[in-house]
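Q: got a structure for you, letters missing:
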């Protein structure tokens, strides 16, 4: 019996990798494992309708915006995201509020006997991702949500979330990521992502895709006879103004034009994510959901997504936290930095996962950083492949691209962040990126009173060159 939230977190740690008797295998067995688990739990995911979202970049933002609009329209709305930033409880939300610790523990205790006795011989044991998804479905069913917005983990076709009773699918921009699991080519990855489209869907909504990815999404929708709406073909936007508080744009489609929409998520890419959300909502309106334009505008103007171009002031200095972790997301980050701070070069605190393609990421950042402090986020799981890249690996990549700025190696993130903030001059700006794990660790430190107090005292700490 789990009695405290601390015990709950310790129990969940066991589902990250090595402590399991057998590592799961990729592909269809992953989904089959989830099907078997949900059957044992009574298939709670069948008691509510779902908006299902897959893609490489923008899934979290798009999911948040859709859930916000539904909530503002008066619908009791579930939201499950992946990954979380600061708390496991972020993965189980209703009306954009995290599940309470009490309910979290209660659901985990309910599912624990099934997990402890789960037959893993055929499909492999349950890992954390599937466990978190299962808990969210139980929560939504118990609380009787009107609808849930569900973000996939790392794929689509074989993702654990594909057990849901979805009525519409949304495909955000597809790019190279999780290639060992989803495929080496963009076509293979798109085939996997487009696997969330179902023949009973009222529609599928897609971002503008690269050629081979777009072809695969269109092929899947056509085979299933699902109407596909594509950005820049069936709907589009015009960005009017970009600030460090958000983006102002107009939305255009054959059935509805909406002028002067302000989205409080920062960056031009967020206007495109918002467009996907709006088109999805318009399709839900067509089947009877009562949602006004005022709900859309109010929801988008009142959205905050921590760790995604999040701007803070620390000791008078601007600090930007962005969990970019692949080339597509780094390109979006660079475009936003260039638009908002065209003349500035940043002090960058950088750490990424071992599994990420480091070189392409640092190549993108090269034009906007004058100093890179290479560090390591704290890895709580036991699967080493999901841990941080070694600092020397990143240093070598920076040398390979002939980075002209200063490079420092400070493996402990607390010291790396401290050094960056302490040595930043009056007009310098600090960028923390490379992984949501990096951003999460840094965010906890920036909320830590002792850390800030020591910073103000100008405590000395030094780098290794």
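A: Right, received. Where do you want to start? Model, not experiment: these values are computed from the prediction. Residues are numbered from 1 along each chain as shown.

Q: name the nearest residue to residue 347, ignoring sequence neighbours.
A: Residue nearest to residue 347 in three dimensions, not counting chain neighbours: residue 371, with 4.5 Å by C-beta to C-beta, 6 or more residues apart in numbering. (Each C-beta comes from the backbone N, C-alpha and C, glycine too.)

Q: ugh, typo on my part, it should be residue 241
A: Residue 241's closest residue in space is residue 248 (C-beta to C-beta, 6+ apart), at 4.2 Å.

Q: check which helix or strand covers the spatially most central residue of the chain.
A: Residue closest to the mean C-alpha point of the chain, counted by C-alpha atoms, centre = their mean, is residue 60 at 4.3 Å. For residue 60, the host element (DSSP states H and E) is helix 59-72.

Q: show me where the stretch 301-450 of the chain has helices.
A: Ranges of helices within the stretch 301-450 of the chain are 327-340, 358-365, 391-400, 413-423, 436-446, 449-456, based on DSSP state H, counting those that start in this stretch.

Q: go through the longest one and flag the buried ones.
A: So that's helix 327-340. 327, 328, 329, 330, 331, 332, 333, 334, 336, 337, 339, 340 (16 or more other C-beta atoms under 10 Å).

Q: thinking again about what came up before, helix or strand next in line after the helix holding residue 60, which one?
A: Later in the chain than helix 59-72, the nearest helix or strand by DSSP H and E is strand 77-80.

Q: and that next one, what other elements does it pack with?
A: helix 59-72, strand 93-94, helix 128-142, strand 147-151 (3 or more C-beta pairs under 8 Å, 6 or more residues apart in numbering; DSSP states H and E).

Q: so which of the ones you listed is nearest residue 344?
A: Of all the helices and strands packed on strand 77-80, helix 59-72 sits nearest to residue 344, with 24.0 Å by C-beta to C-beta.

Q: from the chain's centre, how far out does that closest one sit?
A: Relative to its chain's centre, helix 59-72 lies at 13 Å (C-alpha atoms, centre = their mean, to the nearest Å).

Q: coming back round to it: by contact count, what packs against the helix holding residue 60?
A: If you count contacts as 3+ C-beta pairs under 8 Å, 6+ apart, helix 59-72 packs onto strand 49-54, strand 77-80, strand 147-151, helix 268-286, helix 293-301.

Q: how many neighbours does residue 42 have?
A: Residue 42 has 11 neighbours, counted by other C-beta atoms under 10 Å.

Q: sorry, back to before: I'd assumed residue 150 was in contact with the residue nearest to the centre of the chain.
A: No. With contact defined as C-beta atoms under 8 Å, residue 60 does not reach residue 150; the gap is 11.8 Å.

Q: winner for burial among the helices of the stretch 301-450 of the chain?
A: Among these, ranked by average contacts under mean count of other C-beta atoms under 10 Å, first place goes to helix 436-446 (a mean of 23).

Q: got the angle between that one and helix 449-456?
A: 80 degrees (axes from the mean of the first three to the mean of the last three C-alpha atoms, to 10 degrees).

Q: need the contact list for the closest residue to residue 232 other than its chain neighbours.
A: Using C-beta to C-beta, 6+ apart and skipping the chain neighbours, the partner closest in space to residue 232 is residue 208 (4.8 Å). With contact taken as C-beta atoms under 8 Å, 6 or more residues apart in numbering, residue 208 is in contact with 173, 214, 230, 231, 232, 272.
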